[in-house]
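Asks: okay, predicted coordinates and the sequence, questions at the end:
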Amino acid sequence: MVVLDFNHEKAAWTPDPPASMRRFYAAFLRWRATAGMDNAIADHLARLLAKAGLAEIDTTEQHEFIRRTDPEFEARAGIWAAVAATRGHQMVADGTISESERRNAEVDYRAWLRHGAESHALYLLAVEGVRT
């Protein structure tokens, strides 16, 4: 079995994204945690596979790092504008953030991508285990 997942707590931007997106991202993590999701699941996968009875567990870093000079930088680093545009509406409906906070995060982040962003990193691990 192979499982690939994120540790959302270890996402990184250079320089920091706008304050509106930092607030949105913090609210996003709280919203996920309140729903019972593990924001750091990538770092817990090996233990979970072992607990499920798998053996020969191997972890491989699959981090995604994109720089402004890379093709499709805005599309790939723009994932958080897309999250604000999609999941953000659920967060508003759940009372986690206001519509203006959601909208400001999306708009400010898109502008930052065009004019200030240098890089973005997503922390991903692939964990493999074998049923014995």
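Replies: Perfect, I can see it now.

Asks: going forward, measure contacts and count neighbours with C-alpha atoms only.
Replies: Noted.

Asks: wait, A46 sits on I57?
Replies: Yes: using CA atoms under 8 Å, A46 is in contact with I57, at 6.6 Å.

Asks: mutual contacts of those two, please.
Replies: 127-128 (CA atoms under 8 Å, 6 or more residues apart in numbering).

Asks: those two: who's more crowded?
Replies: A46 (22 against 17; other CA atoms under 10 Å).

Asks: mean confidence for the helix or strand hosting that one?
Replies: Counting by DSSP states H and E, the element that carries A46 is helix 45-51. The average pLDDT for helix 45-51 rounds to 97.

Asks: repeat that for stretch 20-40.
Replies: 98.

Asks: picking up where we left off before, buried set for the helix or strand that the helix holding A46 is followed by?
Replies: Counting by DSSP H and E, the element after helix 45-51 in chain order, helix or strand, is strand 54-61. Within strand 54-61, the residues that count as buried by 16 or more other CA atoms under 10 Å are 54, 57, 59.

Asks: what helices and strands are in contact with strand 54-61?
Replies: Packing partners of strand 54-61 (3 or more CA pairs under 8 Å, 6 or more residues apart in numbering; DSSP states H and E): helix 45-51, strand 124-131.
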